[in-house]
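Q: what follows is a predicted protein model with its sequence.
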Amino acid sequence: MNKRFRWLVAAAGLFAAACGAGSDAGEAGRSGAAGRSAYAAAVRTEIEAVTRRWEASLIAGTPEAAVAEVFTPDAVRLPSGEPAVRGHEAIARALEGSAPLLEARFTIDDLEVDGSLAFANGTYRVRGPDGTELSGKFLEVWKRTAARWRIHRVMWD
């Protein structure tokens, strides 16, 4: 992981979550650059699938129903200029009554995998029911759980 990306993660208060992370069973048997590359590609595929599920829930206007499928139980959402939202129940409550979006697209530009954590940054674009568009950047920490990869920390502008 390059120094700039480490600094961003630490500045977001996320580095502490990564300190105790070790390799998970999904990495067993990997060797060399080809093994790491194949593992990173498989992780990206799974994370992209969860991201598409999140987008679909936003378009349907039911993101609170997807919280358990997308976030770890102790996830933290860090909305710009607002207090942190911690855990499934609080995240679902914060999303209740969301209006269906006409468009929701999250594009991962960079993804780095380190054991049971993955660090993603990218851009998003959403369009509300009245046609208003919002776009910006995001930083996510994903965590491998027994079930699958889930968002553990997320912040955006």
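A: Right, received. Where do you want to start?
Q: what packs against the lengthiest helix in the chain?
A: What stands out as the longest helix in the chain, according to DSSP state H, is helix 32-60. In terms of contacts (3 or more C-beta pairs under 8 Å, 6 or more residues apart in numbering; DSSP states H and E), helix 32-60 is packed against helix 63-70, strand 103-114, strand 117-127, strand 149-156. C-beta coordinates here come from the backbone N, C-alpha and C atoms, glycine included.
Q: ranking the ones you listed by burial, who's on top?
A: Neighbour counts (mean count of other C-beta atoms under 10 Å) averaged over each of those peak at strand 149-156, with a mean of 22.
Q: can you tell me what sits against that one?
A: If you take C-beta atoms under 8 Å, 6 or more residues apart in numbering as the criterion, strand 149-156 is touched by 12-14, 17, 43, 46-47, 50, 70-72, 74-80, 117-118, 124, 136-143.
Q: nearest residue to Arg86 in space, please, no chain neighbours.
A: Among residues not flanking Arg86 along the chain, Val76 sits closest, at 5.2 Å (C-beta to C-beta, 6 or more residues apart in numbering).
Q: can you tell me the helix or strand for the one you found?
A: Assigned by DSSP states H and E, Val76 falls within strand 71-78.
Q: same question for Ala146.
A: Element membership of Ala146 [criterion: DSSP H and E] is none; it lies in no helix or strand.
Q: the strand holding Val76: which residues count as buried?
A: For strand 71-78, burial by neighbour count (16 or more other C-beta atoms under 10 Å) applies to Phe71, Thr72, Ala75, Val76, Arg77, Leu78.
Q: tell me the strands beside that strand, with direction?
A: strand 85-86 (antiparallel), strand 149-156 (parallel) (DSSP bridges).
Q: so can I have TSV of the ones you listed showing mean pLDDT?
A: Listed next are the strands paired with strand 71-78 as TSV, based on pLDDT from 0 to 100:
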stretch	mean pLDDT
strand 85-86	98
strand 149-156	98
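Q: out of these, flag the one nearest Ala60.
A: strand 149-156 (18.3 Å; C-beta to C-beta).
Q: quick one: the closest one to helix 32-60, angle?
A: Following axes from the mean of the first three to the mean of the last three C-alpha atoms, to 10 degrees, one obtains 70 degrees for the angle between strand 149-156 and helix 32-60.
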